[in-house]
Structure formats: structure tokens, C-alpha cells
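Asks: Quick check, what structure comes out for this input:
(4 chains)
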There are 4 protein chains.
Amino acid sequence: MVRQRKSVNTVHAKDVVIVYLDTKRHFLVQATKNVKFSTDLGMIELNDIIGKPYGYVGETHLGKSFYCLRPSHADIMFKAKRSTTVVYPKDLGLIILETAIGPGSRVIDIGTGSGVMALVLARLVAPDGMVFTYERRKEFIETARQNIERAGCVKQVTFHHCDAVEKGFTEKDVDAVFIDVPEPWAVVPNACKTLKGGHHLASWSPNIEQVKRTVESLEEHQFTRIKVSSVVEQEMLVRQQGVRPRERGITHTAYLVRANKIETPNTKL
Amino acid sequence: MVRQRKSVNTVHAKDVVIVYLDTKRHFLVQATKNVKFSTDLGMIELNDIIGKPYGYVGETHLGKSFYCLRPSHADIMFKAKRSTTVVYPKDLGLIILETAIGPGSRVIDIGTGSGVMALVLARLVAPDGMVFTYERRKEFIETARQNIERAGCVKQVTFHHCDAVEKGFTEKDVDAVFIDVPEPWAVVPNACKTLKGGHHLASWSPNIEQVKRTVESLEEHQFTRIKVSSVVEQEMLVRQQGVRPRERGITHTAYLVRANKIETPNTKL
Amino acid sequence: MVRQRKSVNTVHAKDVVIVYLDTKRHFLVQATKNVKFSTDLGMIELNDIIGKPYGYVGETHLGKSFYCLRPSHADIMFKAKRSTTVVYPKDLGLIILETAIGPGSRVIDIGTGSGVMALVLARLVAPDGMVFTYERRKEFIETARQNIERAGCVKQVTFHHCDAVEKGFTEKDVDAVFIDVPEPWAVVPNACKTLKGGHHLASWSPNIEQVKRTVESLEEHQFTRIKVSSVVEQEMLVRQQGVRPRERGITHTAYLVRANKIETPNTKL
Amino acid sequence: MVRQRKSVNTVHAKDVVIVYLDTKRHFLVQATKNVKFSTDLGMIELNDIIGKPYGYVGETHLGKSFYCLRPSHADIMFKAKRSTTVVYPKDLGLIILETAIGPGSRVIDIGTGSGVMALVLARLVAPDGMVFTYERRKEFIETARQNIERAGCVKQVTFHHCDAVEKGFTEKDVDAVFIDVPEPWAVVPNACKTLKGGHHLASWSPNIEQVKRTVESLEEHQFTRIKVSSVVEQEMLVRQQGVRPRERGITHTAYLVRANKIETPNTKL
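Replies: Numbers count the residues shown, from 1 in each chain, chains lettered A, B, ... in the order given. The predicted structure follows:
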């Protein structure tokens, strides 16, 4: 029984693992047979890690130690191939907790972009839920699909190549809507139609003007409890010789907008 | 079929809903038959909301509108009965994304406290996963169990009344360990034994000294990729007449520590 | 000689001192003969502190120790009588260093408000400089004058009861202009006329929209090197049992705008 | 009279000016006769700016416009030759306002480093005040002197090549003490002897451990009203197409410690 669980913790061929050498050298690598992975501190035979447990300590051909670690959701977000800016774990984590989604939820994600948001949502709504992801630029969908396949969650994602501002959403009564497009206010009317009453919409945008216009649109379209905030993560350096915040870092990514849909009197019945 | 889904979005007796009057008046209320809920802007007959859809717009007996909203994970965190300080959504959201947990995961949560962390984790690992929660102060467990029952996820939680520093953990090969106790460093040795190789441990503490000692303990016990940060959420006031950050707010909750377990050479095989 | 300096450090009648009991009880008090000063921890005879050195340790009639401390510029800012919001030391300190003012400078301050900014500027340009302060609401000027007299720097302040947007400024070739009015953009054209070429203008406003409009006005009126930022001060609790940031605090006061005036080709000669 | 003032605003030979081309190209330049100043957007004949007013708009030999601006205190801080890290305007500005210094003050600055703090203090205590600056590493003093001479305030600075921890300070009854050394706690006993009662000490350090030890030393040596904080400046991008905080920036420089000296009963008389 213990053995069986152990085997669950074995690196199998095609698994995606973090190969961690040090704070500046960590890679998301697919464990592919008969392939070598090169770093500036030496080469790694991927055959060498297949069949080993996660947490395995290996060595490059130059003798540098490396660790095989289980990728977190955040790792997969940061290491995805991206053609666009990407939502950060600090932002997405908060947004997810400010909805009620979990295993079995049906959610909409617009726009798909590099697929990063869809894949994290897909992992959290598995095995019975579904992420319906909308993108109007065809070229993005292929990269997104690759990222999501590599993360092992393509079964929980339905791709729509479609302009949701003009055509709307196919699904009805979804549990949450996540918006990451340059003009979120334009999507709000259709998002309102597709979202369950009382449930959660979230949107993010880098600029204040986008937020202001989105809030105005939410106020006009049956949304209440509108909340806007931004999140800053400050890394700390914790060392024997002294603890202090890191001196430089990311100071802004996006403003997060959240709201709940209400039923208007005439839609109530 | 559509109808069936609609019915899923109906407020049933015993459901827990957010009753939202305005930004200062929002309550987590269990929809109990023949019970009245009082606010300073009037009384609400809970019979009136049972059978209505989420998003329903009702009125207190004084004519003030209220909305029935679906509680988010964050709502349930903030509105839980608590005898201790509580983890914030901004912190827990990031931490969850920096692990690989999702439906089916088996995780450890220590200490239980008011049960807030356990209940959010339970919702995310449902229906087949399990949260093993450890608490050595018996008086906390009862409140925690009530909070978790009210949130509808008691099936995914196993309670242990036990001092895990001395006795260790019963489970083996768990997918993640979450630590929220005053002396996290003391739990690290046993956490290391119970955690799968390559997987994630997370801990939070308000003070720098706690963090420093925890990091030292992680370095001594087969952990790598240790990362420490703190997260600040800045609320924005978005109004027609002017947009600005809120002038006062929460400026610190906790430092977050994360690490991955490695297998030592002799545990590898 | 040493004695003479000592006497400089003596509390004289009419001096303004900080009476400090503890972190929650500190007062800006004028040392007035035959007057008692009451606190909830006892009464202080002000005769008792006159003639004592700064740093003197006294006792209230209930036996609680207090200290007579030299007020900082920041103390005088925070303890001034105010009818308006007030600039913070974290903001004004940065702004001052981003100008070239010092002893002898001639500067404009608009609007006067409670006089807090004028009095700090007056202390820094003494003894030969001058602060020209403009206010269109007569009722503010009297309070401002009292605050500035109490701070002992009324000789360095010239009051103008005047609407500078319509009437402009009397002075020419001032070394810096400081703007704290609700519509800073409206003052920019006249500020441009009164400011020396190459010198510094600073403005602050709580809302983003004010900042955007002010920046546009600066761009239209011979200003360059326009810079906008905000400053957050995070208080730290440093205690034997643990160090951490304070949990609640001020998270926003104002956006700071700075710019330098250029000479246009036709004004150059 | 107006003419006379105008002449004060003329760039004279040996003046130090900001030559500003754009946000990435701005230089602190000494206006030296018969010297050329080179930039990647063309060469500037410095003869061309001598005799012109501040705010003058010139052109490089490649036709790029540049502006001659009056350097702020902050410019001189950032553009000084430095062999050490340097205090930031956001930190020094706050600290200055949390003392009572101004024209005529006598203050101590330890250690001298690149002289940046001494030169700003010197400008603010001119013409009759004095900055006594202490440095034990001889090689720093020469660079500091050059920086201070270039800023035109060497008359207000007295240099001491001396280890103040061991030898103490020569001056008595100074108005403020500013400490920027790696072990501030070691300077506190001598700082206490040299500082006027009731007056202000300020210290800054990057690491938490330094702060904790300094606070302990202040508590042991007649200091009260001890306050610690850090200051973060967030730059804003204000553009026609959208306003947002800059995405990357400086997130930590130093923790600021402030305290007031008290007189003990036996030193009172």
C-alpha cells in the first residue's frame, strides 16, 4: 500500500518536472526518454530521472547537484510558453479564493492568451468541471493548447475561437467568469448573460482607465459588491548574516476587479 | 437540463448565503426555515429567500434592498467564527498556487485553529482528497468542526487532536503540508517525514524571527528552494469623482515560507 | 561658551515643546507660566518645565514620568490645528529634496490651508528667504497664521488672500512653487510665469484624475522632466519578542508631481 | 532689481547644472569653459550654456534638444561619485523633517562615505551652521570632499578622519546626529554624549538584525520615543493612453530608526 503510493510519486516518462540547480537555474522539463537536457553547469540525461522518486538528487555530467521537484501551479504559470503577458500567482490565487470555484465548477475564461489561466483553473475544477476559454486571435490558441496539454489538463478545457464581445458565450449558467482582455468593459454585457445569479466575475487590467470603465459597465449591468484592489508581493532575503526585503522587484502587475451578479426583478422568476 | 442547472442555483434550506445590503452590511447567513435575520436596516424573513435563485433581490421589512449572493471561499474565511487570527485570502491564494494541490490531493494542515484553512483546502481537494488537520488544544477543534460543517465540507476533513511536534503525523506520503503554528521550526522534522519527495511545504508567521528560525530548520531537514515573501493587498476606491488607493488598511499579516522536500541519497532507493 | 550653548538648550517661557508620556500620549505644548496641562495620567505644572533643559524628565501629579523633547518639523506638522487635510512628512521631505531650496530661497506655497507646508518651508529658508503663501478662503488664513506664529517663523512668511488662478502671483523669479489645491492644473499657467527657468514645481493630489490633468497642463506650459510617484511609510514594531511591520496603517495620502520649467526660445533673451 | 535677480538665474562658469535630454539621458555637468560634453545623441559645447539662463533650451551638434536645469538636492545625491551605497531622497527627506534642523544647526554625520548625506545637510544648515562628518576609512574622505566641493558647500562641512566608536566625537551639544554605518549600535553611547538633551538621533540600516540591535542600544542609553519605519516610493506612469504604477522598481533601501535623547536625573543639573 505504501509502495503503491510511492509509485504515484515516481517520475514517469512524459511527466513534467522542475529540475532545480539553484535559485537562478530551475527549469520545467518534460522527462523524455533518450533526451539530454543542457544547462551551463552541465548536461542531464533525462533517462536518469525516469523511474526515480520526486525529490531525487541527481548530478549533471559536470558534477553539479540538481533536484527533481514537483511543479507547482505557479511554476507551470511562469514556465509556460507565452506570447502575451501573463497573470501572476499572487493575483490569480486571490481571485480564485474570491470565487466559489472548485472540483466540478464550470467557468469561462476570456481571453485565452497563452492558456495559463485556463490551465490553472482546469486543474482546480477537475475531474468533472470544465473551463470554456474564448480567444479571437487564432494564433494564440495553438500555443495555449500546447501549454495546457503539457500540464496534463486538456480534458477540462473547451476552446472557442470566437469574438465573445460580438457573438457572446455559448454556455449558460456558469459558476464564474474570468476576464483578461484589453477592453473588459465590452465583455461585461455578455458575461452577465452567461453567469449564474449571485455568482462571481473577476477581471484584471494594468491601467486605471480600464478599471474605471469596467466598474462603470458592471454598475450598469446587474452587478453589485464591486471591489477593486492590487496585490504586491515583497520577496524577503533570509540569510544568516541578515534579513531584509529584496531591493528590487515587481511593483505592479494589474488591478483586480471583482463583482457579483444580481437577478433583476424581471429575471427573477 | 437547463432547468436542472437552474435548480442548482436555487437557495435551499440550510444553504449558506451572503446577504448583502451595502459595503458595510454583508452577512454570512444559513437559510433556516421560520427564522428571522435582523439588521439595523430592517428584518429579513429567511423563508423569503428559500427557493429563490442566487442573485435574488429582496427587501427588509423596512424596505431596504438586499442581495442573496453565493459566498466565495474568502467570504467563508472572513465570516468564520474565530478564536485565533486567521489566514488571509491574499496569502492562502498564493500559497495554494505555489503547491500542486487540487481535486484528490491528500494534505496536512497544522494547527487547525478556527478551521478556516482546512475548510478552504477541503473544498479544493474534494471529492476524493482529504485534509488531515492537527490541533493540540482541544477547545479549538469543536469550533473548527462547526465552521467546516457549515461550509459543507466535513467529509474531506480528518481531525487529529494531537501534538504533532512530539507525536508526529499518522499519514505518509502527503501531497503538501501547511503550517500555521507559533513555532513552525519545531514541526519541520516530522513534516519532512510525512511529505512526498519533491513536494511542497508552506508556513506562515507574523514575525521575522519565526521566519528565520523556520528557514534554518528547513535547511537542516532535506528542504530546498526555500522562498520567503509577504503579500500586501491595496484596495482601490473607484468612483466617478476620482480614483485613488484607500487611505488606511491592512499593511501586514504574515511572512510566507515555502520549500520543496528532497530525498537524501539513502532514502532515494 | 559651553554654558552659553547649554542655555540655548533650555526651555524658555513661550517655547513650544513635545511633552512625551508614552507612544499614545505626546503633546505639542507651549510652555506658559502659571498654566497647568492636563493628561489622563495626571496634571503637569508648566512652571515646572520652564528653565529646565530639553530632555528633562518630569513627573505628573500622579507620578507618571514625562519627557520634554524638542519638536521636530514633523511634530509641528502633525500637531498643528487643521481644518484641512495636511501634507505628510514622508511626502514633503521627498519633495523638498527634489527642489534646490534652502536658506535664502524665495518660494511660493499655494494654497495656505492650515499653514503646515508654509511653516516647514519657512524654517528651511530662514533667516533671509521668504515663503509667499496664497489662499483664497479668508477663514483659513487666520488659523494658518496662528500655527506659523506658534512655530516661531512668521517673519519668513508673506500671506496673500487672493485667488492665484485668476489674479496670478505678485512675485517674480521664485526658486520653487509648491501646489496643494484641488485643481492644480488651473494654477500651472501662472506658476509658470512666476518660477525661475530651470527650477522646480511640485504638486500633490489624492486622486489619479487630478494628477493626469496636472501632467497634461505641465506638458502644455513649458515644463519638462515631469515625474509622478507616491510614497508609503511602513512602520515596524521592533520588540524583544519579535519584529514585524505594523498590521494596520496609512496606505495612501497623495500622488506627488514634480517638474522643471524650461525657457521657450522667445523668452530666452 | 528684476535684472539683478535674473542674473542670479544665469549659468555661470563652474556652476553645476543638469543637462536633460530625455528620461534616460540626464547628466550633472560642471559648466567649464572650452570643454565639450559628449552624449550618444550628440556633443554639447559647454561654452554655449555659460551665460544662459537656467531653463535654457539648447541643441547638441546632432540637433537633439537639451535643457539646462537647476539640480535639486536629490540630483546631487544621485549623481555624486560613490564608492558606497547611498541614502535615498525618500529616506533622507523624511529623516530631516523628523529632526528640527535648519539654517544654523550644528549636526553630526557618521560615516561620511561618499559625502552625500553631509552635502545635503550642509545645504540646509547654511550659512551659519556646520556638519561635522566622521569617517574612519581615509580613502573615502577625498571623494566625499570632491563631491561636497562640487556641490558648493564645503564651508559648512568639517571633516574628521577618526573612529568615533573608539574615540568619540569632538563636538558637544549638537542639534542632531545622523548615523549611516554598518554597526550603528556601537556609536550610540558616544552619540548620546554629544547630542543635546531632547534632540534627535537618526540611523539607517538595510537589515532587520541591525535595527533590532540599534534599538536595544538606544533603550539602554537615555533614548526615548524610538520609532522604526521604512519608506517605499512607487513611481507612476502617467500617459495619455493609460495611467499605472511602474512595473518594476526599488522595493527596499533601509529601515529608518529615530529617537530622542533624554536627560537622566543626574545629568539634569
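Asks: Only C-alpha atoms from now on, for both contacts and neighbour counts.
Replies: Noted.
Asks: For chain A, give the residue positioned nearest to chain C.
Replies: Taking CA to the nearest CA, chain C has its nearest neighbour within chain A at residue A:208, 8.2 Å off.
Asks: what's that residue in contact with, if anything?
Replies: With contact taken as CA atoms under 8 Å, 6 or more residues apart in numbering or on different chains, residue A:208 is in contact with A:255, D:242, D:243, D:244.
Asks: Nearest to residue C:75, out of those residues: which one, please.
Replies: Closest to residue C:75 out of the contacts of residue A:208 is residue D:244 (32.9 Å), distances taken as CA to CA.
Asks: Setting the sequence-adjacent residues aside, check what's closest to the closest one.
Replies: residue A:207 (5.0 Å; CA to CA, 6 or more residues apart in numbering or on different chains).
Asks: was I right about the one you found contacting residue A:254?
Replies: Yes: using CA atoms under 8 Å, residue A:207 is in contact with residue A:254, at 7.3 Å.
Asks: the more surrounded of the two?
Replies: Looking at residue A:207 and residue A:254 with other CA atoms under 10 Å in any protein chain shown, you find the greater number of neighbours at residue A:254, namely 23 against 19.
Asks: Within the helices and strands, which one has residue A:147?
Replies: Secondary structure assignment for residue A:147, by DSSP states H and E: helix A:138-150.
Asks: pLDDT of the next helix or strand after that helix, averaged?
Replies: Per DSSP H and E, helix A:138-150 leads on to strand A:157-161 as the next helix or strand towards the C-terminus. The average of the pLDDT scores along strand A:157-161 is 98.
Asks: What residues sit buried inside the very next helix or strand once past strand A:157-161?
Replies: Per DSSP H and E, strand A:157-161 leads on to helix A:164-167 as the next helix or strand towards the C-terminus. Buried residues in helix A:164-167, defined by neighbour count with 16 or more other CA atoms under 10 Å in any protein chain shown: A:164, A:165.
Asks: what do you get for stretch A:136-147?
Replies: Within stretch A:136-147, the residues that qualify as buried are A:136, A:140, A:141, A:143, A:144, A:145, A:146, A:147, counting by 16+ other CA under 10 Å.
Asks: what's near enough to touch the first one?
Replies: Contacts were defined as CA under 8 Å, 6+ apart; by that measure residue A:136 touches A:111, A:161, A:162, A:163, A:164.
Asks: What average pLDDT does stretch A:54-65 get?
Replies: Rounded to a whole number, the mean pLDDT of stretch A:54-65 is 95.
Asks: mind checking the end-to-end distance for it?
Replies: Distances were taken as CA to CA, to the nearest Å; on that basis the terminal residues of stretch A:54-65 are 15 Å apart.
Asks: which residue sits closest to residue A:201 in space, ignoring its chain neighbours?
Replies: Sequence neighbours aside, residue A:177 is the residue nearest to residue A:201 in space, at 4.8 Å (criterion: CA to CA, 6+ apart).
Asks: Give me the three-state assignment for that neighbour.
Replies: Assigned by DSSP: H, G, I helix; E, B strand; the rest coil, the conformation of residue A:177 is strand.
Asks: got a list of what it touches?
Replies: A:107, A:108, A:109, A:110, A:191, A:195, A:200, A:201, A:202.
Asks: Restricted to strands, list those residues.
Replies: Secondary-structure check on the contacts of residue A:177 using DSSP state E: residues within strands are A:107, A:108, A:109, A:110, A:195, A:200, A:201, A:202.
Asks: Give the full set of residues in contact with the third one.
Replies: When you say that, I think you mean residue A:109. Applying CA under 8 Å, 6+ apart, the residues near residue A:109 are A:117, A:118, A:131, A:132, A:133, A:134, A:177, A:178, A:179, A:180.
Asks: According to the record, where do the domains of chain A fall?
Replies: Per automatic domain parsing, the structural domains of chain A span A:2-69, A:74-267.
Asks: Pick the most buried one from the ones you listed.
Replies: When you average the neighbours per residue for each of these (mean count of other CA atoms under 10 Å in any protein chain shown), domain A:74-267 leads with a mean of 21.
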